[in-house]
Each structure stands twice: as structure tokens, then as C-alpha cells.
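S.K.: Structure of the sequence below:
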Amino acid sequence: MPSYTEENYLKAIYKLAEAQPGVEVSTNRVAEVLQTRAASVTDMLRRLGEKGLLHYTRYRGVSLTEEGRRLALLTIRKHRLWEVFLVQQLNFSWDEVHDVAEQMEHIDSDLLIQRLDEFLGFPQLDPHGDPIPTAEGAILRPQHRLVADLLPGDRGTVVAVKNTSVPFLQYLDKVGLNLGTKLEVLDKIVFDNSLEIRINNTDKYLISSEVSRNLYVTD
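M.R.: Residues are numbered from 1 along each chain as shown. Next up, the predicted model:
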């Protein structure tokens with residue numbers, strides 16, 4: 001099994017590639033996400049390449065091998081299952097779970113994760129609406145769209161968030177934009193692309209373009 005640090009690298013590379021398909025995952029992008037020096041990233045990428053977990057060519061970016069992708073998805077699976085457990089069983093709020101799950105995702109026990117999945121009833125989504133990979137590495141691709149792409153008169157149900165930072169999640173709690181919330185776009189302000197919305201057929205709010213670009217809904 002890869003080390004704690006190696007798992008973090010594989011997960012970061014997978015998420016960067018997923019967020020921008022077709023865009024090169026560079027050393028600098030990995031360093032920025034992991035908040036470390038580019039030189040340290042280069043050394044680790046070389047080591048992971050020697051283990052057959054990624055393809056790395058200097059100045060040409062990095063991509064995961066099939067085994068590297070499998071291990072990255074396993075780490076993500078554990079992280080998201082632990083988030084579900086923390087929210088459902090220990091009454092953590094969705095803005096409190098990330099850092100704890102970051103530590104628990106590195107526990108190396110296939111049986112534990114299997115039992116955890118069974119105990120939780122085989123959830124497909126984590127508390128932020130992100131899909132939970134299966135034990136075989138399959139991952140659901142939800143059909144949703146950003147609130148920013150909605151037009152006046154469009155309606156939707158909030159199903160996921162793109163930004164999982166604590167301040168953003170706390171803001172959503174404050175205005176009542178949690179998962180499962182129904183919203184309707186009443187108006188789009190041309191000046192700054194902010195949106196006037198109605199929440200659950202009652203309260204009206206004006207949300208910024210930044211907020212609308214980080215909320216996903218389904219029809």
C-alpha cells in the first residue's frame with residue numbers, strides 16, 4: 001500500500017484531472033493544491049512513477065496509471081464514506097467533517113471499509129453530494145448543472161456543492177441552501193450576474209455569481 005503522503009498525491013492528481021479534463025496536470029498545480037514546494041513535488045512524482053502509479057515526464061505534466069487511479073479512488077471512497085458516518089452517526093455538520101475524514105481515509109483495512117459501507121446502507125453520495133466510488137473503482141457521474149447556468153423561471157433542487165470550504169458551507173446553512181432545498185430563479189442581474197432566487201417556495205434571496213457557480217441542482 002502507498003504511504004499517507006503518496007495517497008494524498010494520487011488523490012490530488014486524480015481530482016485535478018477530473019476538474020479540468022484535457023488540461024495538463026502540472027507540477028506547479030499539484031504543489032499549489034498540496035501547499036508544498038515544486039521541488040518536493042517533483043521528487044514524489046518521480047518516486048510514484050518508479051512504483052508504476054503514474055506517468056511523469058518533466059515539463060509535460062503527469063497522469064495516473066490504472067493502478068494509480070484505482071488507489072486514488074479507494075482513498076476518495078474511504079474519505080466520503082467516513083464523512084457520511086460522521087454526519088449520520090455522530091451528528092457532525094457538513095462543514096466539520098472534511099479534516100476528520102482526511103485522517104480516517106488512510107486507515108488500511110478493506111474489511112473495515114466493507115463493513116462501514118454495509119452499516120451505512122451502501123450510500124451513493126457523501127454529505128456534499130459527491131459520488132462515492134464503489135469498491136471496484138466505478139464512480140457515478142451525476143446529471144446536474146450549476147445554478148449559474150439557470151435562467152429566470154428555471155427551478156431545481158440543490159444536490160451538490162462544488163466549493164466545500166467551511167466558510168461557504170456555513171454561508172449556505174445561514175441562508176438555507178442545503179442539499180434537498182428547492183429553488184427558483186426569479187431574476188438575473190446583468191451588472192454582476194447575481195441571481196434573485198426563491199427558496200422552498202417562500203423566502204427570497206439575492207445570491208452572488210460566486211455562490212451560483214458553486215451550487216449544483218437537478219430539475
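S.K.: so what's residue 107 closest to, chain neighbours aside?
M.R.: Leaving aside its sequence neighbours, residue 107 sits nearest to residue 78 (C-beta to C-beta, 6 or more residues apart in numbering; 7.0 Å). Any C-beta I mention is one placed from the backbone N, CA and C, and that applies to glycine too.
S.K.: show me the contacts for the one you found.
M.R.: Counting by C-beta atoms under 8 Å, 6 or more residues apart in numbering, residue 78 makes contact with 104-107, 113.
S.K.: Neighbour-wise, give me the winner out of the residues you listed.
M.R.: residue 105 (22 neighbours; other C-beta atoms under 10 Å).
S.K.: For it, give its distance to residue 99.
M.R.: 11 Å (C-beta to C-beta, to the nearest Å).
S.K.: Okay, buried residues for the least confident helix or strand in the chain by mean pLDDT please.
M.R.: When each helix and strand of the chain is scored by mean pLDDT, DSSP states H and E, strand 54-57 comes last, with a mean of 88. By neighbour count on 16 or more other C-beta atoms under 10 Å, the buried set for strand 54-57 is 54, 56.
S.K.: Contacts for that strand next, please.
M.R.: By C-beta under 8 Å, 6+ apart, strand 54-57 touches 10, 13, 45-46, 48-49, 62-65, 68.
S.K.: what about the strands in the chain?
M.R.: Here the chain has its strands, by DSSP state E, at 54-57, 61-64, 145-146, 155-161, 182-188, 195-199, 203-207, 215-218.
S.K.: quick one: which of these is nearest residue 130?
M.R.: Of all the strands of the chain, strand 155-161 sits nearest to residue 130, with 6.5 Å by C-beta to C-beta.
S.K.: any idea of the angle that closest one forms with strand 182-188?
M.R.: For strand 155-161 against strand 182-188, the angle by axes from the mean of the first three to the mean of the last three C-alpha atoms, to 10 degrees is 110 degrees.
S.K.: List the neighbouring strands of strand 155-161 plus their orientation.
M.R.: Strand pairing for strand 155-161, determined by DSSP bridges: strand 182-188 (antiparallel), strand 215-218 (antiparallel).
S.K.: follow-up on the earlier one: between the contacts of residue 78, which is nearest residue 162?
M.R.: Ranked by distance to residue 162 (C-beta to C-beta), the contacts of residue 78 are led by residue 105 at 20.3 Å.
S.K.: And the closest one, how close does it get to residue 63?
M.R.: Residue 105 sits 22 Å away from residue 63, going by C-beta to C-beta.
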